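> What follows is a predicted protein model with its sequence.
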Amino acid sequence: MSQVLDILKRDKKLFFNDVSMECENSDTSSDINLIADFTEYNPLHNGHFHCMKTAKNMFPDSLFVAIVPGLFERSGRGIPYILPREIRAEIAISVGADIVVEGPPMGIMGSGQYSLCLCKMFKSLNTDYIPRGYNPKEGFDEILKRINLGHHIAPKPYKIVDKTTNETILKDKLEEDNYVITSFSNSLSKIGFDYTNKFIFVERIEGVSGTLIRESIQKDNFDDVLDMMPSKTIEVLKREIKKDSIIYGIRDVESILNTVNTFTFEELSALNLFNEKLAKNILDNGPYNTLEKLEEFILQGFSSHFHQRVLSILENPIPKKIVSQYIDKYPSNIRVLGYKNKEILEKFIKKVNNENISLL
């Protein structure tokens, strides 16, 4: 628990330092291509490894940069990660990544907010190629083709729209991996980034179960998942289990309860992803002595992960106004979590369009 408290305290300071910084863009000149892959590596499994290898084999002389979120160590589902990002970066470097940089704080953001941040990171990194895993579904090939033609593809409720041609190209709701791709297209178009022929679409491999992997970690028994992860991932997981450093599911319950029991209606309403209805429902049913009681009164949101995101926001109560300022400036600072060697780091610094580069 002390490790989680230390991480949250450190990351809150980093967050507000980033808000106070001004983004210093630069015009760089480099003939090195850069592959930027966003993934949580929670933990790094054979699906991630396959995507990395595919991209590196296609462009072997490129820098492979993994964008690994990020501040507060909460996933896009709002749930605490298995390992801190420095350890996730260590695994990524060991299996082939050249550089690992810190991504946005997914757990305290809406999906559109962190998609926008990630796309601004792609632009700041001066990205040449973006590998993305996808699940083959009927009609999705046409979406992938149009994205690589540079069309502005946007996800709408139960349909996918080509805003370049004003056509509805799919009337359906996409599953998560495929939705992320269309969300990237939408956000990249909004910031004016030309992604024509930049995406490397990699079909997802079979035989990898995140649920089974997480269960194996909790049981400290990897017999059923040995063929799902690179040996380095398993080695590091076993090491961190022995050190009692797994942070999966661990929250700062005291801070969450303190927030809901002491914040005013105006303060709660002002938090990111909150509205007046949610704030009123929480306040009307308090005070709270346990997380379980609080969860009963968190209203249903726009996604199945909304409850967990709300808990992450209450754990790190940052007003939506400040989050908007953070997004506007993002990435005001590119934090490097790991790199293969100093020569690679120098090449990376020459390539990216940002003067503010630091090591975590």
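Here it is on my side, so go on.

> Which residue ranges of the stretch 201-350 of the chain form helices?
210-219, 231-242, 253-262, 265-269, 276-284, 291-295, 306-315, 320-329, 342-351 (DSSP state H, counting those that start in this stretch).

> Out of those, which one sits most buried?
Ranked by mean neighbour count, the helices of the stretch 201-350 of the chain are led by helix 306-315 with a mean of 23 (mean count of other C-beta atoms under 10 Å). Placement of C-beta: from N, CA and C, glycine included.

> And for that one, what's in contact with it?
8, 72, 74, 77-79, 107-108, 110, 251-252, 255-256, 259-260, 271-274, 278, 291, 294-295, 298, 300-301, 303 (C-beta atoms under 8 Å, 6 or more residues apart in numbering).

> Filter these down to the buried ones, ChimeraX style.
This is how ChimeraX selects the buried members of the contacts of helix 306-315, with burial counted by 16 or more other C-beta atoms under 10 Å:
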select :8,72,74,77,78,79,107,108,110,251,252,256,259,260,271,272,273,274,278,294,298
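
> Out of the contacts of helix 306-315, name the ones that lie in strands.
In this view, the contacts of helix 306-315 have no member that belongs to strands under DSSP state E.

> hmm, back to that, reformat the helices of the stretch 201-350 of the chain as CSV; add mean pLDDT and distance to F38.
Formatted as CSV, the helices of the stretch 201-350 of the chain follow (pLDDT from 0 to 100; distance: least, C-beta to C-beta, whole Å):
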stretch, mean pLDDT, distance to F38
helix 210-219, 93, 17
helix 231-242, 96, 18
helix 253-262, 97, 28
helix 265-269, 97, 31
helix 276-284, 96, 29
helix 291-295, 95, 29
helix 306-315, 94, 18
helix 320-329, 96, 16
helix 342-351, 95, 16
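
> Tell me which of these sits nearest to N42.
Smallest distance to N42 across these (C-beta to C-beta): 7.8 Å, for helix 210-219.

> How many residues are close by D6?
11 (other C-beta atoms under 10 Å).

> And the pLDDT for it?
pLDDT recorded at D6 is 94.

> Kindly export the strand or helix carrying it (C-alpha atoms) in PDB.
Under the criterion of DSSP states H and E, D6 resides in helix 2-20. Extracted C-alpha coordinates of helix 2-20, given in PDB (Å, rounded to 0.1, in the frame of the first residue of the first chain):
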ATOM      1  CA  SER A   2       2.800   2.400   0.800                       C
ATOM      2  CA  GLN A   3       4.100   1.900  -2.800                       C
ATOM      3  CA  VAL A   4       0.800   3.000  -4.200                       C
ATOM      4  CA  LEU A   5       0.600   6.100  -2.000                       C
ATOM      5  CA  ASP A   6       4.100   7.000  -3.000                       C
ATOM      6  CA  ILE A   7       3.200   6.700  -6.700                       C
ATOM      7  CA  LEU A   8       0.000   8.800  -6.400                       C
ATOM      8  CA  LYS A   9       1.800  11.500  -4.400                       C
ATOM      9  CA  ARG A  10       4.700  11.600  -7.000                       C
ATOM     10  CA  ASP A  11       2.400  11.600 -10.000                       C
ATOM     11  CA  LYS A  12       0.100  14.400  -8.700                       C
ATOM     12  CA  LYS A  13       3.200  16.600  -8.500                       C
ATOM     13  CA  LEU A  14       4.300  15.500 -12.000                       C
ATOM     14  CA  PHE A  15       0.800  16.300 -13.300                       C
ATOM     15  CA  PHE A  16       0.700  19.800 -12.000                       C
ATOM     16  CA  ASN A  17       4.200  20.500 -13.100                       C
ATOM     17  CA  ASP A  18       3.100  19.500 -16.600                       C
ATOM     18  CA  VAL A  19       0.100  21.800 -16.400                       C
ATOM     19  CA  SER A  20       2.400  24.700 -15.500                       C
END
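
> Any buried residues in that helix, and which?
Buried residues in helix 2-20 (16+ other C-beta under 10 Å): 4, 7-8, 11, 14-15, 18-19.

> Quickly note the distance from I344 to E138.
For I344, the distance to E138 equals 41 Å [C-beta to C-beta, to the nearest Å].

> actually M21, not the one I typed
In this view, M21 and E138 are 46 Å apart by C-beta to C-beta.

> Then L5?
48 Å.

> Same question for Q113.
Distance from Q113 to E138, by C-beta to C-beta: 30 Å.
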